[in-house]
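Novice: No sequence on hand, only this structure:
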Ligand code: NAI
């Protein structure tokens, strides 16, 4: 048998009690990784706790001959994030990769969003990704290796209605990932993002009030959670040692490399600008390159293959 991609590596996956995270944990273990399966076991809105969900994934990994350990802490807690990493070290003796996958939704139109809805989503996604990543950082630095992988979303990369909290958190995670990649490159530590498309309970909460929304959800059902796993396995492994600071998307059998922000057009005026000259000269020139107010389904406008 070929050497497995993650033989003897230790990977911490957050939010791995269900959905995409569960499939990542199973696939990582099948490639030889020892997996710390974290999941708070909350609802999509982040309410309640059910530690049995992480344990069920651990049981499935062990039944298939793999090694795993369950953790029921919240990523949105600095001390708990450190306990997760400590548990990986205590149980398996090392940590090689962190996959920040835990997530919740509190969708609301911006003009109605409460401070609590904003804060709770930022806490789990953006702060949670920082806490867990930061807890692993000293170990990655000391061993001069480590891989981070973070789940972002086209809601942040492109835009979506009613998700100001989630979109801001998910684009924040992209900037955090790039910062980690820059800051820790000298320790051979890598950081990348995947923007997944997969039918999970999270997608089940997308409203289906209109025929367009119904058609979108039917398309989403064809994108399965296990199809995200091969790229995650690859990015967590040594085979991806040259890959850092990138954003990928996965949708059924499609893999995309996502663009990053760069200037696309510039104007210069020797005597400087006034509001008047901006109105008459700069804006008509720049307008040709404006982006329309698109949402994710406007850009990913064709069915997955
Ligand atoms: P899911 O709801 O099935 O899984 C999320 C898991 O995170 C749940 O098991 C939940 O218990 C856990 N969790 C929530 N709060 C937690 C906390 N504070 N600490 C630890 N665990 C916590 O959702 P899904 O679809 O599997 O999402 C996984 C990731 O992928 C999320 O980050 C999500 O934002 C992202 N994503 C998913 C997309 C999709 O098409 N399913 C699209 C874009 C992004």
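Specialist: Here it is on my side, so go on. Computed from a predicted structure; not experimentally measured. Residues are numbered from 1 along each chain as shown.

Novice: wait, residue 49 sits on residue 41?
Specialist: Yes - in this structure, residue 49 is within contact of residue 41 by C-beta atoms under 8 Å, at 5.3 Å. C-betas here are computed from N, CA, C, even on glycine.

Novice: Up against the ligand, what does the chain have?
Specialist: Applying C-beta under 6 Å from any ligand atom, we find that the chain lies next to the ligand at 14-15, 17-21, 38-42, 44, 46, 74-76, 101-104, 124, 128, 151, 153, 196-198, 200-203.

Novice: Quick one: buried ones out of these?
Specialist: Buried subset of the residues of the chain next to the ligand (neighbour count, 16 or more other C-beta atoms under 10 Å): 14-15, 17-21, 38-42, 44, 46, 74-76, 101-104, 124, 128, 151, 153, 196-198, 200, 202-203.

Novice: Now residue 251: phi and psi?
Specialist: Backbone torsions of residue 251, given as degrees, to the nearest 10, read phi -140, psi 110.

Novice: Run a quick neighbour tally on residue 207.
Specialist: Per other C-beta atoms under 10 Å, the neighbour tally for residue 207 reads 12.

Novice: when you give positions from now on, start the count at 33
Specialist: Noted, 33 is the first residue going forward, which turns the last one into residue 239.

Novice: check contacts around it.
Specialist: Counting by C-beta atoms under 8 Å, 6 or more residues apart in numbering, residue 239 touches residue 245.

Novice: I'd assumed residue 162 was in contact with residue 109.
Specialist: No - using C-beta under 8 Å, residue 109 is not in contact with residue 162, being 11.8 Å away.

Novice: okay, the two: which has more neighbours?
Specialist: Neighbour comparison, residue 109 and residue 162: the larger count goes to residue 162, with 19 against 16 (by other C-beta under 10 Å).

Novice: re earlier: give me the common contacts of residue 81 and residue 73.
Specialist: residue 104.

Novice: Just give me the neighbour total for the residue lying closest to residue 50 once chain neighbours are set aside.
Specialist: Residue nearest to residue 50 in three dimensions, not counting chain neighbours: residue 85, with 5.8 Å by C-beta to C-beta, 6 or more residues apart in numbering. Applying other C-beta under 10 Å, we find 21 residues neighbouring residue 85.

Novice: now do the one 3 residues further on
Specialist: For residue 88, the tally of surrounding residues (other C-beta under 10 Å) stands at 18.

Novice: That one and residue 256: what is the separation?
Specialist: 19 Å (C-beta to C-beta, to the nearest Å).

Novice: One more: residue 162?
Specialist: 30 Å.

Novice: Same check on residue 45?
Specialist: Taking C-beta to C-beta, one finds residue 45 at 18 Å from residue 256.

Novice: and what of residue 71?
Specialist: To residue 256, residue 71 is 19 Å away according to C-beta to C-beta.

Novice: got a list of what residue 89 touches?
Specialist: Here residue 89 is in contact with 48-49, 54, 57-58, 69, 71, 100, 102 (criterion: C-beta under 8 Å, 6+ apart).

Novice: no no, residue 173
Specialist: 216, 219, 221 are the contacts of residue 173 under C-beta under 8 Å, 6+ apart.

Novice: And for residue 130?
Specialist: 43-44, 46, 117, 164-165, 168, 178-181.

Novice: Pop out the phi and psi values for it.
Specialist: phi -120, psi 130.

Novice: again with the one 3 residues further on
Specialist: The phi and psi torsions at residue 133 (degrees, to the nearest 10) take the values phi -120, psi -20.
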